[in-house]
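Chemist: Would you be able to build a 3D model of this:
(chains A, B and C)
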Amino acid sequence: MQIFSPSADTWFRAGLAAFAVLVAALALVGGGYARSEYLTQVGWTRDQQVPFSHKHHVGDLGIDCRYCHTSVETATRAGLPPTHTCMTCHSQVWTGAPMLAPVRKSLATGEPLHWRRVAQLPDYVYFDHSIHVDRGVACVECHGRVDRMPLTWRAKAFEMKFCLDCHRDPAPHLRPPEQVTRMDWSDWSEDRAEAFGMAAMRRFHVEPARLDSCEICHR
Amino acid sequence: MTAPSRYHQITGEVVSIPPRFPAPRAWWLLFAGALALLALWVVAVAVLLVRGPGVWGNNIPVGWGFPIIGYVWWLGIGHAGTLISSMLLLLSRSWRNSLNRFAEAMTLFAVVCAGLLPILHLGRPWYFYWMAPYPNTMGVWPQFRSPLAWDFFAVVVYLVVSVAFWYVGIIPDLASARDRATKRRWQFFFGLLALGWRGAGSHWLRWRQAYRLTAALAIPLVALVTASYALLFAGGPVHGWNSTIFPAYFLVGAVFSGFAVVGILAVVIRSLLGLRDLITPLHFDRIGKLLLATGLMTLYGYLADAFTALYGGGYELETLHDRVGGAYAWSFWGAVVLNFVPLQFMWRRRFRTSPIVLALVGVSVAAGMWLERYMLVVTGLFRDWTGSSTGLFHATFWDWALFAGFIGVFATGMLLFVRLLPVVSAFEIKREIGESGG
Amino acid sequence: MAERTCPYAVLAEFDAPRALVEGAGTLRGDGWRIETFSPFPLDGLGDAIGFSDRAVPVAVLVGAVLGAALIFAIQAGANLDYPLDVGGRPLVTVPGFLLVTLECGILGAVLAGIGTMLARNGLPRLHHPLFNAERFSLASDDRFFLAILVDGDADRAHDARAALWRCGAVDVVDVGEQLVA
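Modeler: Numbers count the residues shown, from 1 in each chain, chains lettered A, B, ... in the order given. As a prediction, this is how the structure comes out:
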């Protein structure tokens, strides 16, 4: 009694192969999605009330990061500037620019500008800007070349691996603390960075073995 | 020439069950009950996923609670199916052939229940795959020096090997069912599952190599799996758990509870499907003896545990006092009474061969072993080393709902198996007849 | 050259396992390419059909070694990639790795053994010329069959039929018309 036609075997094997391909594809798609810029938001800008350009303010004008992000050296958060900070200049320049209308409105009503955060860590991560700045982790290490960003985007995938890569091997990422806001380090060779980093780690007693403990970040 | 007709009789008795099901009414009644419990399981899991593990009684210090009690209990039940099938195959005990198929199915569904419980216990169950080593964006690996990672591998490997062992063993009967089926849909169903098995001589010889080697490997696997979760207890600095005897102790207790469930299933399947000449009083007798033997070994474990506590003193003695007279003494004495008092009926052949007595003793032992797991988990944890982490454990409604729901998961799987597939290894029984008389 | 059809095999039916095993031994001794079919594994069949395939046991061994070696390497690699100091114990803790290593060794062995068994048996194979034989479905019930593979050779088919009758077959039929040039 022949239940299946000769072609049934072909279909059966094709089905098995399709299933294997499907499983492999799911693994690849899942892995790719987890690493995709769609999920990590690397390179994605967000709509803001005011299209603020770091390229103009940092790159062209040379304003220091700390002029606006004032608490970065002393607090966990770098801080977003109050409207008064904007107005230190914009009460004098571009006073009638329509682009800046929300800033003037904010000053008039006293309601802060609503910025949508680009660089944000999950709530279960304890991150402190001050200690990183104090030990010489330059802004550019995590935030990228903001002096080249007309609109601000996330420069690095803020995944656990990104944090751990540095915590396990901090030396190449350390710079003189007084120069942390410097954007361009192309004049530092890898050897120089490594040598400086090793010296800085000795000076600050930075121990990678402690830096990658769970409770350093998950408190 | 009486043998060939006997072959035909057995073929008909076993493989014609799915297409011409003998007890549709009883099956549907049981299945309705199982589906109701399965629905309860779905609700209990949905509530858990939406509201989190806070719906359970689990809290500090008793963080394990029902999910881990259930995990150890179900996994233990599963072990008997593997052992009854593989060990008795290698020892050429032919009476195994009436029991091994449904005992292995019992293993499958018990392992499914056991595998789901720790996943649901994770808090964020949808991240269970973090337990597997794979290149991830977190830059971390599972901690392979921890019994938690061992557990993941134990369950996954045990599930895959159990499925493989069971499936390889059922292929020839699926082919037989295919060849007997008259309706197109049954032919197609069994035809696909049988993979085109023709019973060729060289196929049988390779099949026998693969089947016997798998059986031989399944036996140490059972020991490894019990060791994995026994060390999960024994590795912790908890008095009452921190004991090197645990792997052996767990293995014996696991097989004890498993034989109890094999006994219950043998009685139920026999009367449901009318397999009175395939599952006979002889089989009940053997199950009863195995139950008695493993039960006495478990009792020895209890006594050895108590002796060690008396001998060692200190915290161990305190834990023993706690077990026999503390807040959860009912679980200890409940386990002792349910496990070992009805078991004494098994000394008499008259009771061993009585289906109803065997089934009742089986139910008592299954309940008793669940209480033992409860005693082990809860009395171990509810009084920690510091006074600050002392607290009672109270199961909530959703604890019990999930417990009952998992019985529904198991029963649904077993009933579908009974309805759709050959429940007894017909070809191996035929082989025994062929060897003795053919 | 004219086209003609010839059987793929000649199939004989026996009513007892012993007759099948003896017949298989005799025919194989005479140099026929044979295959037996039975509802259950028969004792002594290996010698009768000259079975000497060790692929399955070898695959089990290879699978065990590969499975165990792979997972041991993963465990050691994970600990070296992310070293965690647990009470000063060595990173590559062999006793601690053994349970998972042995479990995965068993997994590799079982999957390799069963996979090899299916592959060497040419399964899954849903359609097969033998299924065309009317009584072949009894090969999974209570009858025992012996096929001589003649591959469309009419003269050999004729001799094969005679040889099968001599072995005490209760019935002999041709199976699976095969087109030959």
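
Chemist: ok, which stretches of chain C are strands?
Modeler: For chain C, the strands defined by DSSP state E occupy C:4-14, C:34-37, C:144-149, C:171-180.

Chemist: how far does the shortest one sit from the chain's center?
Modeler: Right, the one you point to is strand C:34-37. A distance of 12 Å separates the centroid of the chain from that of strand C:34-37, by CA atoms, centre = their mean, to the nearest Å.

Chemist: got the CA coordinates for it in CSV?
Modeler: Provided in CSV are the C-alpha atoms of strand C:34-37 (Å, rounded to 0.1, in the frame of the first residue of the first chain):
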residue,chain,number,x,y,z
ILE,C,34,19.2,-9.7,-0.4
GLU,C,35,17.2,-7.7,2.2
THR,C,36,14.9,-9.1,4.8
PHE,C,37,11.8,-7.5,6.3
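
Chemist: and that strand, anywhere near chain B?
Modeler: Yes: Strand C:34-37 comes into contact with chain B (CB under 8 Å from any CB of the partner chain), by way of C:35-37. C-betas here are computed from N, CA, C, even on glycine.

Chemist: which strands and helices sit next to that strand?
Modeler: Counting contacts by 3 or more CB pairs under 8 Å, 6 or more residues apart in numbering or on different chains; DSSP states H and E, strand C:34-37 is packed against helix B:201-234, helix C:17-29, strand C:144-149.

Chemist: Now tell me what touches stretch B:428-438 from outside.
Modeler: Residues outside stretch B:428-438 that contact it (CB atoms under 8 Å, 6 or more residues apart in numbering or on different chains): B:2-4, B:6-7, B:10-11, B:94, B:97-98, B:100, B:278, C:16-18, C:39-43, C:142.

Chemist: Now chain A against chain C: closest residue?
Modeler: residue A:4 (3.9 Å; CB to the nearest CB).

Chemist: could you give the angle of the strand or helix carrying residue B:356 to helix B:201-234?
Modeler: Secondary structure assigned from DSSP states H and E places residue B:356 in helix B:355-381. Following axes from the mean of the first three to the mean of the last three CA atoms, to 10 degrees, one obtains 40 degrees for the angle between helix B:355-381 and helix B:201-234.

Chemist: Residue B:289 and residue B:349 touch, don't they?
Modeler: No: contact criterion CB atoms under 8 Å: residue B:289 and residue B:349 do not qualify, at 9.3 Å.

Chemist: which residues sit in contact with residue 173?
Modeler: Chain wasn't specified; assuming chain A. With CB under 8 Å, 6+ apart, residue A:173 has these contacts: A:137-138, A:141, A:166, A:193, A:197.

Chemist: switch to chain C, that's the one I care about
Modeler: Going by CB under 8 Å, 6+ apart, residue C:173 touches C:10-11, C:13, C:133-135.

Chemist: how much space between it and residue C:87?
Modeler: Residue C:173 sits at a distance of 74 Å from residue C:87 (criterion: CB to CB, to the nearest Å).

Chemist: Likewise for residue B:354?
Modeler: Taking CB to CB, one finds residue B:354 at 55 Å from residue C:87.

Chemist: Could you break chain C into its assigned domains?
Modeler: The record's domain parsing of chain C by automatic domain parsing lists C:4-51+C:127-180, C:55-120.

Chemist: how about the ones you listed in TSV, adding mean pLDDT and distance to residue A:156?
Modeler: Compiled in TSV, these are given as follows (pLDDT from 0 to 100; distance: least, CB to CB, whole Å):
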stretch	mean pLDDT	distance to residue A:156
domain C:4-51+C:127-180	82	57
domain C:55-120	92	21
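
Chemist: which one of the ones you listed lies closest to residue B:44?
Modeler: Nearest of the domains of chain C to residue B:44, taken as CB to CB: domain C:55-120 at 30.4 Å.

Chemist: Please, which helix or strand holds the closest residue to residue B:324 other than its chain neighbours?
Modeler: Nearest residue to residue B:324, sequence neighbours excluded (CB to CB, 6 or more residues apart in numbering or on different chains): residue B:332, at 5.9 Å. Element membership for residue B:332, per DSSP H and E: helix B:329-340.

Chemist: what packs against that helix?
Modeler: Against helix B:329-340 (3+ CB pairs under 8 Å, 6+ apart) you get helix B:281-312, helix B:314-325, helix B:355-381.

Chemist: Packing partners of the helix or strand following the last one?
Modeler: Spelled out, it's helix B:355-381. Following helix B:355-381 in sequence order, the next helix or strand is helix B:397-420 (DSSP H and E). Secondary-structure packing of helix B:397-420 (3+ CB pairs under 8 Å, 6+ apart): helix B:24-51, helix B:65-90, helix B:100-120, helix B:246-273.

Chemist: how near is the residue nearest the centre of chain C to residue C:8?
Modeler: By CA atoms, centre = their mean, the mean C-alpha position of chain C lies nearest to residue C:121, the distance being 3.6 Å. Distance, residue C:121 to residue C:8, by CB to CB: 18 Å.

Chemist: what do you get for residue C:40?
Modeler: Separation of residue C:40 from residue C:8 (CB to CB) stands at 25 Å.

Chemist: Residue A:133 touches residue A:176, doesn't it?
Modeler: No: using CB under 8 Å, residue A:133 makes no contact with residue A:176, being 11.6 Å away.

Chemist: and the residue of chain B nearest chain A?
Modeler: Proximity of chain B to chain A (CB to the nearest CB) peaks at residue B:139, 3.3 Å away.

Chemist: how many neighbours does the residue in chain C that chain A sits nearest to have?
Modeler: Per CB to the nearest CB, residue C:126 is where chain C lies closest to chain A, at 3.9 Å. When neighbours are defined as other CB atoms under 10 Å in any protein chain shown, residue C:126 has 25 of them.
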